[in-house]
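Novice: quick one, what's the 3D model for this:
(one chain, ligands or ions: 2)
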Amino acid sequence: MAEIRLYNTRTRAKEDFVPLDDKNVRMYVCGPTVYDRAHLGNARPVVVFDVLYRLLRHVYGADHVTYVRNFTDVDDKIIERAKRDGREISQITEETTRWYLEDMAALGALEPDQMPRATGFIGQMVTMIEELVAKGHAYEAEGHVLFAVESYKDYGKLSGRSVDDMIAGARVEVAPYKRNPMDFVLWKPSSDDQPGWDSPWGRGRPGWHIECSAMAYELLGESFDIHGGGIDLQFPHHENEIAQSACAHPEGAFARYWLHNEMLQVEGKKMSKSLGNFFTVRDLLDQGVPGEVIRFVMLSTHYRKPMDWTEKKRAEAAITIDYWHRLTTELEPSGAVPASVVSAMSDDLNTHLALVAVSALHSQPQMLLDAARFLGFLDDEAREHYRQMNLVEGVSVSVSGKDSDSTAKALSELRDTYIVAYKHAKKTKSFDKVDAAKKVLATMEIDVSVHVNSVEFRAKRPLDDQEIEYLHDLEEALK
Ligand code: AMP
Ligand code: ZN
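Specialist: Ligands and ions are numbered 1, 2, ... in the order given. Next up, the predicted model:
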């Protein structure tokens, strides 16, 4: 079994990855708050944890890995968006969830095994909060329930801060009902026009952090293997998840390996609406940037380094991907995974090296195809798209015999029209016209063969003037 090593933020060291149960390797990744299109930065954790998921499936078997990623569908930002747009909250969250799945699929990301929505687990959150209150880790104040950070001695360990440092450095919301300014909300009251659920503390809704603790416990148990997310979530979100889970279920270890991806920037600057360099994944896809090109750029930088999205990288990635397709269109994937790529990935997801390893297989296209597929490139849809777009490439006309120039010229002209007609036929699935043309050409001893990405016209002899004239008629008929 390949040995995987991962950098664990909790211990600040690269460690051998040893799952609790190699028949069920479990990973939880914090997902999006659904009120708007995913921006390019949001796609980074998706692609990073997708390649980790693929590696785990390869090493432990596809049926022995459980990947959970949540949707936060109750949040004040969602409430505000619904108010602004005069729409129902559920309309917004459902639409955004659909967009998210479409956009991430376009990047070649596999869907996690489970994608729980926060609103589907309110009961479990209430139970967990009740346990925290009963054990003295949380208290009720003015309709709120707050987690008492001083009740958990390891609070701040993940990010390496003390509670006093946090108070000094953070912009904490100081509320009169908080015992300690760092105490965070588990439950808060809802007014009549806000979404709310009945609870022992009145009608209200959960704070953000509790959902991940409750859903991870419900779906993965009190101890599981990997917890992932962007580095921006390390504090306070992940710190709070740990505090909640460790205090509600002290018998468990919660997550054992913590992985964090660094942030994405654009042309060296933080992506922001005010700088005008903010864009969504959909913006890029609509501009015609293939999803696998975005994926390539994402993976060309190691996940623990800040990544810079640049136009130059996009253009270079497009050339490499194009080359990979060109080398492999005639092949079928074998399902094998070349060792060089597994070994690069097993070293704390060295995706940069893995991409170099794929390109290094250019003289063994079958292995290149298999390696690229393992990393989520050259999937069936991308390959079909490439074939459609590149049918014109590699077109050849050959004529045997003397005085063949005029025949070659007429055939080249016909060939261009034929390709357009063929592509159209493929799209509409009606081949009558091109088949008829092919038959007519056969009577003149001209062979037409269509390969995966090329069309070949072969004339056995030069044509006479009358036949050349006839080719022009045929061209008109194909238009
Ligand atoms: P959010 O919907 O804001 O909670 O973010 C969803 C995910 O995207 C989280 O894992 C964040 O850490 C991640 N994320 C947000 N912005 C960026 C960024 N600029 N670069 C990388 N990851 C990001
Ligand atoms: Zn979370």
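Novice: what is whichever residue of the stretch 201-350 of the chain sits closest to ligand 1 paired to in the beta sheet?
Specialist: Distances between the stretch 201-350 of the chain and ligand 1 by CB to the nearest ligand atom are smallest at Gly230, namely 1.8 Å. Backbone N, C-alpha and C define where each C-beta goes, glycine included. Beta-bridge pairing for Gly230 (DSSP bridges): Asn261.
Novice: you'd agree it is up against Leu264?
Specialist: No. The pair Gly230 / Leu264 is not scored as a contact, 9.1 Å apart, by CB atoms under 8 Å.
Novice: show me whatever sits in contact with both of those two.
Specialist: Common contact partners of Gly230 and Leu264 (CB atoms under 8 Å, 6 or more residues apart in numbering): 41, 44.
Novice: show me where the stretch 301-450 of the chain has its strands.
Specialist: Along the stretch 301-450 of the chain, counting by DSSP state E, counting those that start in this stretch, strands occupy 307-309, 396-399, 446-450.
Novice: would TSV of the ones you listed with distance to ligand 2 be doable?
Specialist: Formatted as TSV, the strands of the stretch 301-450 of the chain follow (distance: least, CB to the ion, whole Å):
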stretch	distance to ligand 2
strand 307-309	21
strand 396-399	56
strand 446-450	51
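Novice: low pLDDT regions in the stretch 351-479 of the chain?
Specialist: Scanning the stretch 351-479 of the chain for pLDDT under 70 picks out 390-397, 399-403, 452-454.
Novice: who's in contact with the residue of the stretch 351-479 of the chain found nearest ligand 1?
Specialist: Proximity of the stretch 351-479 of the chain to ligand 1 (CB to the nearest ligand atom) peaks at Thr351, 14.7 Å away. With contacts taken as CB under 8 Å, 6+ apart, Thr351 has the following neighbours: 48, 51, 299-303, 344-345, 375.
Novice: check contacts around whichever residue of the stretch 301-450 of the chain sits closest to ligand 2.
Specialist: Residue nearest to ligand 2 within the stretch 301-450 of the chain: Tyr303 (17.4 Å; CB to the ion). Contact analysis of Tyr303 by CB under 8 Å, 6+ apart lists 44, 48, 259, 261-262, 349, 351.
Novice: do Asn350 as well
Specialist: So Asn350 contacts 302, 344 (CB under 8 Å, 6+ apart).
Novice: any idea how far it is from Leu55?
Specialist: Distance, Asn350 to Leu55, using CB to CB, to the nearest Å: 11 Å.
Novice: ok, Tyr470 next?
Specialist: Applying CB to CB to Tyr470 and Leu55 gives a distance of 59 Å.
Novice: these two: who's more crowded?
Specialist: Using other CB atoms under 10 Å, the more surrounded residue of Tyr470 and Leu55 is Leu55, with 24 against 16.
Novice: which stretch of helix or strand covers that one?
Specialist: Using DSSP states H and E, Leu55 falls within helix 40-60.
Novice: quick one on the thing from earlier: for the residue of the stretch 201-350 of the chain closest to ligand 1, the count of nearby residues, please.
Specialist: Using other CB under 10 Å, Gly230 is surrounded by 21 other residues.
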